[in-house]
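1. Pasting the sequence and the predicted model now:
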Amino acid sequence: MTMLPRPDSTIDVAACIEELRRMGLDVRTDGATTSVYSRDASNMSQQPLAVVFPTTHDDVATAVRAITQHGIAVIPRGSGTGLAGGAVPEPNSIVVSVARMVGTITDAASSLRARVQTGVLNLDVTRAVAADGLLFAPDPSSQQSCSIGGNIANNSGGPHCLADGVTSAHVHAIDVVLSDGQSVSLGGDEPEPPGYDLRGAFVGSEGMFGVATSALVKLQIQPPCVRTLLAAFRTVDDGARAVTAVIAAGFVPAALEMMDSLITRAVEEFVHAGFPTDAAAVLIVEVAGLESGVSADVDDISRILSAEGAYSVRVAQSEQERALIWKGRKNAFGAIARIKPNYYLHDTVVPRSQLPGVLARIYEIANQNDLIVMNVFHAGDGNLHPLLVFDRREAGVMDRVHRAGEEIVALSIAAGGVLSGEHGIGFEKRDYMGLMFTEDDLRAQQLLRAAFDPRGLMNPHKVLPRAAGCGDLQHVPPGAWV
Amino acid sequence: MNSLVREKSRALRDVEDAVAASRLVSIRGSGSHSSRLPAADVRAATVSVDSGIIRVDPGEMVVECLAGTPVAELQEALADVGQRVNLPSGGTVGGTLATSRNSIHRLGRGALRDAVLRLDVVGSDGRAYRCGGDTVKNVSGFDLCRLHVGAFGTLGVIVTVLLRTFPLPRSSRWMTTSHSTGATIVSAQWGVTSVLSNGRDAYVHCEGHPRDIDEVMKKWKMNEVDGAPSLGTFRRSVSPQKIEKWLSTSVFGELGVGIVHEHSVPPMPSIDPAVRMLNNRVRDQFDPDRVLNQHIDVLEVLR
């Protein structure tokens, strides 16, 4: 279900669009375009008034200034792969898409940095520097289609962020357009630029502080030696305990992922990577570094996994085998269509030591709500991704999906966890922020928002719930279950 | 409630009371940086945060402490469980974060700010609030932790700190080579945590398996040395691509990072007006009456 825009009678939409066109910007108002841009990868939607496609920083500044001068909100948008509704428009808004800002990657690879426009896709950065033996570390599962701008907005993670850290650790500087159209460069080419770390404050601000137009990102040297282990367990509990045991023994693998039996079987049918389909849980453990250290770690970790109940531990013998394992892991969500047509994905994080108990309870919650749940997640950092799979056509199923989701979120917070590990808050979890933060905590977050965007016109109504929203007219689009 | 949790609550309450009672507050850690800062107003009440480790949790790879805890004490407690935090030696944890003093191993271990998972902070109105969360991964809400790292206490008093820890490496070694080889190593050699050069000689630090370090040493024809060279105590922050021009026999810089360790005070960098405007707006929001460390301007401060 979608809603048509409900323009505020005090704003002159036609004049704003006319002005944008006069400035030479590509502005689309046709139903086909506004329909496409009414949603991201969440299940919420709301048509914007228009969509603008700038190609340069100056275009963005011009567009944002004109839009906000008319009192219209700006919805910054990367590739629209976000899962929390962060790029879903609000009624009186114009989407500013950076999708055409895919400027050539510049700067010397020898300096371990690359300057990219924010419409550049995540994987294209690594592809551009791979021949120089380098990589861009954040690797969300959507990395073939998500943009650097979206990564910055959501402080995106990915399986390999366990050892290397999430997006914020890999961005030196960001060029930003603020809500009044003013340009500012946050961070810098130098390591300790003067003033507050406004670069760090901007990363993860979900489009509510400004539009990022380009970024100076950090590159890393590709590890010379990488080994990937696949361990099979007879119970989910054993697998979860093994995760804690590996970390507690002093190992930080490059990645440590877990898949339960349902998802493992679905993935195996999909990619034929040799996943053990008889296992209740599978761990993918990747170790990277120099040869001797990696060999020693693989031996030690294999011993720990076996001691914790792994009945088989297989080390990928070739790069093709390793690539196939990761293809299976990263395409897991595609594989579930074989089971049910729809899914709802959560993204809470719990302390690793809580994983066994929390996972057991998640299966109970799904069971009590007569739903199927599949778990495929970043176990090494406790980042759960329970997938509730269902058929939307079943009467009353959405109520059960929402109820189960609420219980999972509350369970995670009660276990000492947080609302989101990498998807962000957006519209989806906005009204849960009070579970994790006090009013004083949220007020401090609002102060930061007000410093960047005093008028509250950048991506309004996301992240901060009403009490902290300070005058933002609260609105949740159809499809949200908050 | 155990005694450490009580200690944490009391520390928060003490700082809340101290800030609420004063119109002017000067925040002090161990004082190791104070000679570089302008003098505080004599009328300002000095606030210090207690020392104390609240929780060492090797399984979660986190450690929580009061901001007044000496870094050395924290590292000692972590070494007992085979871990460490990415903080340079000296001073207190809170002071290190407030001044954003990175270690010379930033090249390989990352920036200090990335070690911070959660802070409890007392704002200029004397009310405590929490930034971040207890897990190693968290994007719930805006990133206030990074805002406070390097804010020199002008936006809030850091009272408790939860840091991410890492396992101690199997071994580590300092080695020397030429400047040009050091410069190549920065972008070509895995496992290097620091390359310090004076434009002629480079000191390279590696961490990992001893056999791997032997290989690295052989590959680049390096010689083992006891430790890092002696460094100047003032920091100049430059583009790592342009660092060479600042290096001289007695002045070493961090290749690949861009910190030059000077022996005398470097000139202040010029500030972009838009950056100044935004910095001022942030301070106006968090401390409109300039209660906290009024004497410090983060854009002009000596690091």
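-> Ah, there it is.
2. give me the residue from chain B nearest chain A.
-> Closest to chain A within chain B is B:R146: 2.8 Å, counting by Cβ to the nearest Cβ. The way it works is simple: take the backbone N, C-alpha and C, and place the C-beta from them, glycine included.
3. List, one by one, the residues from the stretch 51-200 of chain A near chain B.
-> Residues of the stretch 51-200 of chain A found near chain B (Cβ under 8 Å from any Cβ of the partner chain) are A:108-112, A:133-134, A:154-155, A:157, A:161, A:165-166, A:168-169, A:178, A:182-186, A:189-198, A:200.
4. again, only this time at 7 Å
-> Residues of the stretch 51-200 of chain A found near chain B (Cβ under 7 Å from any Cβ of the partner chain) are A:108, A:110-112, A:154-155, A:157, A:165-166, A:168-169, A:182-185, A:189-198, A:200.
5. which regions of chain A sit below the pLDDT cut-off?
-> A:1-9, A:106-109, A:467-482 (pLDDT under 70).
6. Could you report the neighbour count for residue 252?
-> You didn't say which chain, so I picked chain A. Neighbour count of A:V252, defined by other Cβ atoms under 10 Å in any protein chain shown: 19.
7. wrong one, chain B
-> Around B:F252 there are 27 residues (other Cβ under 10 Å).
8. wait, is it part of a strand?
-> Yes. Counting by DSSP: H, G, I helix; E, B strand; the rest coil, B:F252 is found in a strand.
9. which parts of the stretch 251-400 of chain A sit against chain B?
-> A:251-252, A:289-293, A:296, A:349-353, A:381-383.
10. mind running it again at 10 Å?
-> Contacts of the stretch 251-400 of chain A with chain B, taken as Cβ under 10 Å from any Cβ of the partner chain, map to A:251-252, A:288-297, A:347-354, A:378, A:380-383.
11. Spatially central residue for chain A, please.
-> A:H423 (3.5 Å; Cα atoms, centre = their mean).
12. Keep only those of the residues of the stretch 51-200 of chain A next to chain B that are in strands.
-> Mapping those onto strands (DSSP state E) picks out A:S183, A:V184, A:S185.
13. Most neighbours among the residues you listed, which one?
-> Of all those, A:V184 has the most neighbours under the rule other Cβ under 10 Å, reaching 20 neighbours.
14. shouldn't it be in contact with A:D175?
-> Yes. Shown here, A:V184 and A:D175 form a contact pair, counting by Cβ atoms under 10 Å, at 7.9 Å.
15. and the residue of the stretch 151-300 of chain A nearest chain B?
-> In the stretch 151-300 of chain A, the residue that lies nearest chain B is A:G200 (2.8 Å; Cβ to the nearest Cβ).
16. which residues does A:K462 contact?
-> Counting by Cβ atoms under 10 Å, 6 or more residues apart in numbering or on different chains, A:K462 makes contact with A:75, A:84-88, A:90, A:205-208, A:424-430, A:469, A:472.
17. Which of the residues of the stretch 51-200 of chain A next to chain B fall in helices?
-> The helices, defined by DSSP state H, take in A:N154, A:L198, A:G200 from those.
18. can you count the residues close to the second one?
-> So that's A:L198. By the measure other Cβ under 10 Å, the count of residues near A:L198 is 26.
19. same question, the last one
-> A:G200 sits with 26 neighbouring residues when counted by other Cβ under 10 Å.
20. What strand or helix carries the residue nearest to it when sequence neighbours are not counted?
-> Nearest residue to A:G200 in three dimensions, chain neighbours excluded: B:R146, at 2.8 Å (Cβ to Cβ, 6 or more residues apart in numbering or on different chains). Using DSSP states H and E, B:R146 sits within helix B:144-148.
21. Just the buried residues out of the residues of the stretch 251-400 of chain A next to chain B, in PyMOL syntax.
-> Restricted to buried positions by 16 or more other Cβ atoms under 10 Å in any protein chain shown, the PyMOL selection for these reads:
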select buried, chain A and resi 251+252+288+289+290+292+293+294+295+296+297+347+348+349+350+351+352+353+354+378+380+381+382+383
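22. so B:N198 makes contact with B:T249?
-> Yes. With contact defined as Cβ under 10 Å, B:N198 reaches B:T249; the gap is 5.7 Å.
23. which one of these two has more residues nearby?
-> More crowded of B:N198 and B:T249, by other Cβ under 10 Å: B:N198, with 17 against 9.
24. Just the buried ones among the residues of the stretch 51-200 of chain A next to chain B, please.
-> Among those, those buried by neighbour count (16+ other Cβ under 10 Å) are A:110-112, A:154-155, A:157, A:165-166, A:168-169, A:182-185, A:189-198, A:200.
25. Determine the longest strand present in chain B.
-> Longest strand in chain B, counting residues (DSSP E): strand B:157-167.
26. For the following helix or strand past that one, enumerate the helices and strands it packs against.
-> For strand B:157-167, the succeeding helix or strand toward the C-terminus, using DSSP H and E, is strand B:171-178. Applying 3 or more Cβ pairs under 10 Å, 6 or more residues apart in numbering or on different chains; DSSP states H and E, we find strand B:171-178 packed against helix B:179-188, strand B:192-197, strand B:201-208, helix B:210-219, strand B:223-225.
27. Which one of those lies nearest to B:R130?
-> Relative to B:R130, the nearest member of the helices and strands packed on strand B:171-178 by Cβ to Cβ is strand B:192-197, separated by 31.6 Å.
28. what angle do the closest one and strand B:171-178 make?
-> If you take axes from the mean of the first three to the mean of the last three Cα atoms, to 10 degrees, strand B:192-197 sits at 30 degrees to strand B:171-178.
29. Can you list the strands that strand B:192-197 pairs with?
-> strand B:201-208 (antiparallel), strand B:252-254 (antiparallel) (DSSP bridges).
30. Let me see the mean pLDDT of it.
-> For strand B:192-197, mean pLDDT rounds to 98.
31. wait, does the longest strand of chain B make contact with chain A?
-> Yes. Against chain A, strand B:157-167 shows contacts by Cβ under 10 Å from any Cβ at B:R164, B:T165, B:F166, B:P167.
32. What's opposite A:K218 in the beta bridge?
-> Residues in a beta bridge with A:K218, per DSSP bridges, are A:R113.
33. how many neighbours does B:S35 have?
-> 7.
34. In contact with it, which residues are there?
-> By Cβ under 10 Å, 6+ apart, B:S35 lies in contact with B:L302.
35. measure it to A:T438 for me?
-> Per Cβ to Cβ, to the nearest Å, B:S35 is found 38 Å from A:T438.
36. Helices of the stretch 1-150 of chain B, residue ranges please.
-> Under the criterion DSSP state H, counting those that start in this stretch, the stretch 1-150 of chain B contains helices at B:3-20, B:71-79, B:93-99, B:106-109, B:144-148.
37. Out of the ones you listed, which is closest to A:Q47?
-> helix B:144-148 (33.6 Å).
38. same for that closest one, what does it pack against?
-> helix A:198-202, helix A:439-452, helix B:93-99, strand B:116-122, strand B:128-132, strand B:157-167, helix B:273-286.
39. cutoff 6 Å now
-> Judged by 3 or more Cβ pairs under 6 Å, 6 or more residues apart in numbering or on different chains; DSSP states H and E, helix B:144-148 is in contact with helix A:198-202, strand B:116-122, strand B:128-132.
40. Please render these as TSV that adds distance to A:V389 to the earlier fields.
-> Listed next are the helices and strands packed on helix B:144-148 as TSV, based on distance: least, Cβ to Cβ, whole Å:
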stretch	distance to A:V389
helix A:198-202	36
strand B:116-122	32
strand B:128-132	32
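41. Tell me which of the helices and strands packed on strand B:171-178 sits nearest to A:A41.
-> Nearest of these (Cβ to Cβ): helix B:179-188, 35.5 Å.
42. Would you mind getting the angle between that closest one and strand B:171-178?
-> Our comparison of helix B:179-188 with strand B:171-178, counting by the same axes, to 10 degrees, yields an angle of 130 degrees.
43. Need the contact partners of helix B:179-188.
-> Here helix B:179-188 makes contact (Cβ atoms under 6 Å, 6 or more residues apart in numbering or on different chains) with A:S110, A:L112, B:V192, B:V195, B:S197, B:G199, B:R200, B:A202, B:V204, B:W220, B:L255, B:G256.
44. Cheers, nothing more for now.
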